[in-house]
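S.K.: Coordinates for the following, if possible.
(2 chains, ligands or ions: 2)
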Amino acid sequence: MTSVTDVSPARPALRLTRAVQGLERLVVPALLIAGWEAFARSGMLPPALLPAPSAVLHALGDWVFGFDETTQTYSGHWPRDALASALRVFGGFALASALGILAGVAIGWSRLFEKTLEPTLQMLRPIPPVSWIPLAIIWFGIADKPAIFLVFLGAFFPVLMNSIHGVKTVDHNLVRAGAMMGANGRQMLTDIVLPAALPSIFAGLRIAVGSAWMLTVTAEMVAVKSGLGYVLWDSYYFLRYDIVLAAMISIGLLGYLSDLSLKAIMARTLRWQQATTVQGRAG
Amino acid sequence: MGAIELRNIVKVFSDKRRGRDLLTLDNINLDIEANDFVCLLGPSGCGKSTLLNIIAGFEQATSGRTLVDGKQVERPGSDRGVVFQQPTLMPWLTAIDNIAFHLKLKGVARAERYDRAMEFIDLVGLRGFEHHHPSEMSGGMNQRVGIARALLMNPSVILMDEPFAALDAQTKLEMQEELVAIWQKRRCTIVFVTHSVDEALVLGNKIVVMTKRPGRIREAVNFDLPRPRDITSPEFNDAKRHILSLIREESTRLAQAS
Ligand SMILES: Nc1ncnc2c1ncn2[C@@H]1O[C@H](COP(=O)(O)OP(=O)(O)OP(=O)(O)O)[C@@H](O)[C@H]1O
Ligand SMILES: [Mg+2]
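M.R.: Ligands and ions are numbered 1, 2, ... in the order given. The predicted structure is shown next:
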């Protein structure tokens, strides 16, 4: 039994349990990494084939800060590589978001666009973006452009589909309420349909940013000579699996970071939605 | 302003999935004069909301004519304020922004919007909640935002679909009094759907009783008891007895038919 008086003296203890709960999440990753380290050091596989986490960390550290040139020509070049990839992601993603939302809202809102535009787009959608690589290289050469084009292809369709869905599932009665209050066609779109579709559009954007990272890396492996994906593929040729793993970790972290920032923007924009989570009114 | 004429309104919903047509409103004829306070009584599913939707311009009658101030209703418009059966607020807007939405659409500046909306926030007793979102308020509070939103437009016709159904007895009483006061001050036409005979008799000066499906008008009773109305007075009870007998007749007629 707890009583009301228990609450305030229990505060420090509460903070402690929070910290312990935070640690709980680290148990599985810590065990995995420790097991990996032990396995790699046991010598059952040559170290070149399975670098230990410590070696990967070492490579990553040198790649980022350039302290002992263990990553040779890459030493200290991480910021440049990461920036190159990030800019491609950003470029393709921005383009895909703008066009995806525009086309999605148009198709969701107007029968005319639905009839004329949608069938073509839906036919293009099942074609894997990767299969555009040959054409992309022929059209754009080996540079940023084919990568941005691929990122665009991968990010466009999730945004498009979710925008269409968001607009189509707008509560019919909200549209009626808008008409009752005298909204004209444009206001109906900007003041009612668009805000109502935003949660769905954001869901599309979050899927899209994930695809964007996947496709940048793919493009960099074949069609560009810079960026994290290029380093990954290049290191594979030189059998530097520590750098390969360091590149994978970098991509994972940057992708995660992009999703986190998008999530933060979403939380700010959709603050009105937050009170209606399943858990109740989380702070 | 705000006279409504319904001429031979028929509404058939075609139910494509089940492959049959549903006759919902069967030849409705009703004259509502400007500044009438009409209460619409009828069993669930008889087409009350459908009738309001037709007057509001949300739906077209299958046949018949709907005139407001002599003009054929073709589309919704801010001359007819609607309080929906469900609150139907914009979930991304706060209470005050929902109430002032009409002004925003007209391009009124924010300061003035808020200024004018505050009056209605007070009217429906939501001071202190003006910056809450619909998801942070109770059903009854949201319903009151919906009422304030319709009143702010100052329409010549207000269509209300069971607006007080979600309110507690105390709040309901207050809101009924407020509504009558607003109606007396503004002289607008109100069409008010309710399930409660008492509520209809407290509010209306014309009570329209509808029949079960397909919806027809059983009788339109004029009721001009002076206000504030004493619900224990003999006149009130006479009228109540009459309305109840209309409803009872209806149910015995149905019982015999089946
Ligand atoms: N959009 C629609 N499509 C098909 N049928 C409908 C539609 N709207 C209403 N109906 C049917 O019309 C009938 C009347 O519905 P309506 O909502 O007008 O009833 P009501 O009198 O308002 O009932 P309640 O008091 O329960 O709100 C119902 O039988 C319903 O099934
Ligand atoms: Mg109804």
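S.K.: Please name every helix or strand in contact with the longest helix along chain B.
M.R.: Across chain B, the longest stretch assigned as helix under DSSP state H is helix B:234-257. Helix B:234-257 is packed against helix B:197-203, strand B:206-210, strand B:217-222, with contacts defined by 3 or more C-beta pairs under 8 Å, 6 or more residues apart in numbering or on different chains; DSSP states H and E. Using the backbone N, CA and C atoms, a C-beta is placed for each residue, glycine as well.
S.K.: Now do it: distance to the chain's middle.
M.R.: 22 Å (C-alpha atoms, centre = their mean, to the nearest Å).
S.K.: in that helix, what's buried?
M.R.: Across helix B:234-257, burial judged by 16 or more other C-beta atoms under 10 Å in any protein chain shown covers B:236, B:239-240, B:243, B:246-247, B:250.
S.K.: can you give me the angle it makes with strand B:206-210?
M.R.: Going by axes from the mean of the first three to the mean of the last three C-alpha atoms, to 10 degrees, helix B:234-257 is angled at 10 degrees with respect to strand B:206-210.
S.K.: Run through who's touching helix B:234-257.
M.R.: With C-beta atoms under 8 Å, 6 or more residues apart in numbering or on different chains as the test, helix B:234-257 has contacts from B:41, B:43, B:197-198, B:200-201, B:207, B:209, B:211-212, B:218-219, B:221, B:223, B:225, B:229-230.
S.K.: Any figure for the gap between B:Leu203 and A:Ser110?
M.R.: Separation of B:Leu203 from A:Ser110 (C-beta to C-beta, to the nearest Å): 43 Å.
S.K.: out of those two, which sits in the busier spot?
M.R.: Taking neighbours as other C-beta atoms under 10 Å in any protein chain shown, B:Leu203 and A:Ser110 compare with B:Leu203 leading, 25 against 14.
S.K.: Does that one touch B:Cys39 like I think?
M.R.: Yes. In this structure B:Leu203 lies within contact range of B:Cys39 using C-beta atoms under 8 Å: 5.7 Å.
S.K.: shared neighbours, these two?
M.R.: Residues touching both B:Leu203 and B:Cys39 by C-beta under 8 Å, 6+ apart: B:192, B:194.
S.K.: Columns distance to A:Met221 on top of the helices and strands packed on helix B:234-257, output as TSV?
M.R.: Shown next, in TSV, are these (distance: least, C-beta to C-beta, whole Å):
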stretch	distance to A:Met221
helix B:197-203	72
strand B:206-210	71
strand B:217-222	75
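S.K.: what residue ranges in the stretch 151-258 of chain B score low on pLDDT?
M.R.: B:254, B:257-258 (pLDDT under 70).
S.K.: what about the residue in it that ligand 1 sits nearest to, neighbour count?
M.R.: For the stretch 151-258 of chain B, the residue closest to ligand 1 is B:Arg213, as judged by C-beta to the nearest ligand atom, at 6.0 Å. By other C-beta under 10 Å, 18 other residues sit near B:Arg213.
S.K.: Also the one 4 residues further on?
M.R.: For B:Ile217, the neighbour count with other C-beta under 10 Å is 20.
S.K.: for it, what are its contacts?
M.R.: B:Ile217 touches B:28-30, B:208-211, counting by C-beta under 8 Å, 6+ apart.
S.K.: repeat that with 7 Å
M.R.: With contact set as C-beta atoms under 7 Å, 6 or more residues apart in numbering or on different chains, B:Ile217 has these partners: B:28-30, B:208, B:210.
S.K.: same deal with B:Gly215?
M.R.: If you count contacts by C-beta under 7 Å, 6+ apart, then B:Gly215 has B:24-26, B:42, B:46-47 around it.
S.K.: Would you list the phi and psi of it?
M.R.: phi -70, psi 120 (degrees, to the nearest 10).
S.K.: ok, now which ones touch the spatially closest residue to it that is not a sequence neighbour?
M.R.: Using C-beta to C-beta, 6 or more residues apart in numbering or on different chains and skipping the chain neighbours, the partner closest in space to B:Gly215 is B:Gly47 (3.4 Å). Shown in contact with B:Gly47 (C-beta under 7 Å, 6+ apart): B:11, B:24-25, B:215.
S.K.: Out of the residues you listed, flag the one nearest to B:Ala3.
M.R.: Among the contacts of B:Gly47, B:Leu25 lies closest to B:Ala3 (C-beta to C-beta), at 20.1 Å.
S.K.: coming back round to it: how is the residue of the stretch 151-258 of chain B closest to ligand 1 assigned, secondary-structure-wise?
M.R.: coil (DSSP: H, G, I helix; E, B strand; the rest coil).
S.K.: Just list the residues touching it, thanks.
M.R.: Neighbouring residues of B:Arg213 by C-beta under 7 Å, 6+ apart: B:24, B:45-46.
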